[in-house]
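Chemist: A predicted structure for the sequence below; I have some questions about it.
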Amino acid sequence: PSSVVWSVWIVLCLVVCAVRAMAHADRLAERGGEPVGTIVLTIAAIPIEVASVCALMLGEGGSDTAARDSMFAVIMLILNGLVGGCMLFGSWKRGEQRFNADSASAYLPLVIALGTITLVLPRFCDSTIGGYMSDPMELCIAAGSIVVYGAFLWMQVSRYRGYFAAPDAGGASMTHHQGKVHVPSALALLFTALTVVVVCAEAMAGRVQPLLGAAGLPPAIGGVLVAAMVLFPEGMAALRASARGDMQRSINVLLGSAGATIGLTVPAVLVVRAITGEDPELGLEAPYIVLLSLTFLVSSLHLMRGKVNAIQWMASAKALLVGTAGAEFSIRASTLGEALTPDNITAQPETTVGCAKILPLRIGAATVFVQRARRKLFESARPMIEVITEEVTGARLVSLHTDMSTRNGERMLVITLDRSLDELFRP
């Protein structure tokens, strides 16, 4: 019992010091602005994760899959949980939020490439059995991770710095300073907290797995707990940023943390392996490879638009009309006359006005809704225009856009049909 109490006490000290370290890193990140602040915040988490992984991996009864479990848990928690949570929370608070799609286009290839060569490739190599790696492969992956992540950092702070700034921030993402930050004091406190974390992790070596076994938990839960502890301060920082309308900072913090977790944790763990002789198993098993691949695919789809909209209402017309905080869309089948199914669904923008959270009215063939600012009424007449167009030309309307003339201020309709009018009316 006394050893269990002592182990629990060390774990609590490690968690408290880790949270305080990330709090000081977050203050420095706010002081440094973007993207330097994000780099400081994400790199500061790496010593905590490496120390915690060593506590799970080393000592009697240690787990050789601790590094793999923690990195996999970090990626899944970020891409499947925290990113979506920030989108939902920010949209609930702000309605519409924008972020630079170039930042997601830069982060995701980094995370996918590093995740594939470190968590997937070892499972399919013939040099060793299972998810282990041979010595040459470990050296190659460690060096490759450092080179790829280092090149990404150079790109992030040099000529491509604007990719990681908010679209409307003029080259720098918004920051929210909570009072004046004394940089030397914050650095000293950060270093002190990280030192205590390393000392506690060393004291925990060989104690974590027996605690999990006594609680009836599988060894892989240790990696999930490490990921949750590391991501808690960063996740809170991302949620606070999305609540105040700075979705760009949320994307930078979360995706930057995912990239740093793989790019720096793997080389550090392999260095520990060279010192201690404990061989880590990094290759995922087949079911988890499928989950990782699906996560990468879904993340690539929903992070490429650079915009998050909250759905305000849906209305049934000739097509399903969806009103969001930033635009209005018509949802229909890709082929005329077919029922709407997941295989043939298409979404066409009606307007880019943005609507308030007030149910629209159906008046004849048109749908009338309230503007987001609640100052004007707008009419969605696309169903009526589709009927008229098909009756006159016999062609189906594919897209409809509106524009304003810069000469006389008149509104113009730009209509795209599925067939050429020259072919229809040529004698």
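Modeler: Great, that's in hand. Numbering: from 1, shown residues only.

Chemist: can we go C-alpha only for contacts and neighbour counts from here?
Modeler: Noted.

Chemist: for the stretch 251-400 of the chain, give me the ranges with low pLDDT.
Modeler: 336-337, 365, 381-383 (pLDDT under 70).

Chemist: all the helices of it, in order from the start?
Modeler: For the stretch 251-400 of the chain, applying DSSP state H, counting those that start in this stretch gives helices covering 286-302, 382-393.

Chemist: and for residue 304, nearest residue in space, chain neighbours not counted?
Modeler: residue 101 (5.5 Å; C-alpha to C-alpha, 6 or more residues apart in numbering).

Chemist: residues contacting that neighbour?
Modeler: For residue 101, the contacting residues are 163, 303-306, by C-alpha atoms under 8 Å, 6 or more residues apart in numbering.

Chemist: and what of residue 120?
Modeler: 283-284, 289.

Chemist: now the phi/psi pair for it, please.
Modeler: phi -110, psi -50 (degrees, to the nearest 10).

Chemist: how far away is residue 354 from residue 386?
Modeler: When distance is defined by C-alpha to C-alpha, to the nearest Å, residue 354 is 22 Å away from residue 386.

Chemist: all strands in this structure, in order from the N-terminus.
Modeler: 96-98, 307-309, 311-316, 320-324, 328-333, 345-351, 361-363, 366-370, 377-380, 397-404, 411-417 (DSSP state E).

Chemist: the fourth one - contacts with which helices or strands?
Modeler: Just to be clear, that refers to strand 320-324. On a contact count with 3 or more C-alpha pairs under 8 Å, 6 or more residues apart in numbering; DSSP states H and E, strand 320-324 meets strand 311-316, strand 328-333.

Chemist: what strands line up against that strand, and which way round?
Modeler: Here strand 320-324 has these sheet partners by DSSP bridges: strand 311-316 (antiparallel), strand 328-333 (antiparallel).

Chemist: of these, flag the one that's most buried.
Modeler: strand 328-333 (a mean of 21; mean count of other C-alpha atoms under 10 Å).

Chemist: that one: how far from the chain's middle?
Modeler: 26 Å (C-alpha atoms, centre = their mean, to the nearest Å).

Chemist: tally of neighbours for the residue nearest to residue 220 when sequence neighbours are not counted?
Modeler: Once flanking residues are discounted, residue 220 sits nearest to residue 69: 6.0 Å by C-alpha to C-alpha, 6+ apart. Neighbour count for residue 69, taken as other C-alpha atoms under 10 Å: 26.

Chemist: do the same with residue 137
Modeler: Neighbours of residue 137 (other C-alpha under 10 Å): 14.

Chemist: I'd like the distance between it and residue 393.
Modeler: From residue 137 to residue 393 the distance is 65 Å (C-alpha to C-alpha).

Chemist: again, but for residue 150
Modeler: 59 Å.

Chemist: repeat that for residue 385.
Modeler: Residue 385 is 12 Å from residue 393, by C-alpha to C-alpha.

Chemist: just residue 185 next, same as before
Modeler: Distance from residue 185 to residue 393, by C-alpha to C-alpha: 74 Å.

Chemist: quick one, which of these two is more surrounded?
Modeler: residue 393 (14 against 11).

Chemist: what's the separation between that one and residue 387?
Modeler: 10 Å.

Chemist: same question for residue 277.
Modeler: Relative to residue 387, and taking C-alpha to C-alpha, residue 277 is found at 74 Å.

Chemist: more neighbours, those two?
Modeler: residue 387 (15 against 11).

Chemist: residues touching that one, list them.
Modeler: Residue 387 neighbours (C-alpha under 8 Å, 6+ apart): none.

Chemist: ditto for residue 43
Modeler: 257, 260.

Chemist: can you check residue 326 too?
Modeler: 95-96, 309, 352-355 are the contacts of residue 326 under C-alpha under 8 Å, 6+ apart.

Chemist: one more pass at 10 Å, please.
Modeler: 95-98, 307-312, 351-356, 372 (C-alpha atoms under 10 Å, 6 or more residues apart in numbering).

Chemist: count the neighbours of residue 406 for me.
Modeler: 8.

Chemist: what's the burial count for residue 323?
Modeler: 29.

Chemist: can you pull up the bridge partners for it?
Modeler: residue 313, residue 328.

Chemist: what's the spacing between it and residue 136?
Modeler: 56 Å.

Chemist: before we move on, back to that, tabulate the helices of the stretch 251-400 of the chain (JSON lines), appending distance to residue 75.
Modeler: Formatted as JSON lines, the helices of the stretch 251-400 of the chain follow (distance: least, C-alpha to C-alpha, whole Å):
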{"stretch": "helix 286-302", "distance to residue 75": "8"}
{"stretch": "helix 382-393", "distance to residue 75": "42"}
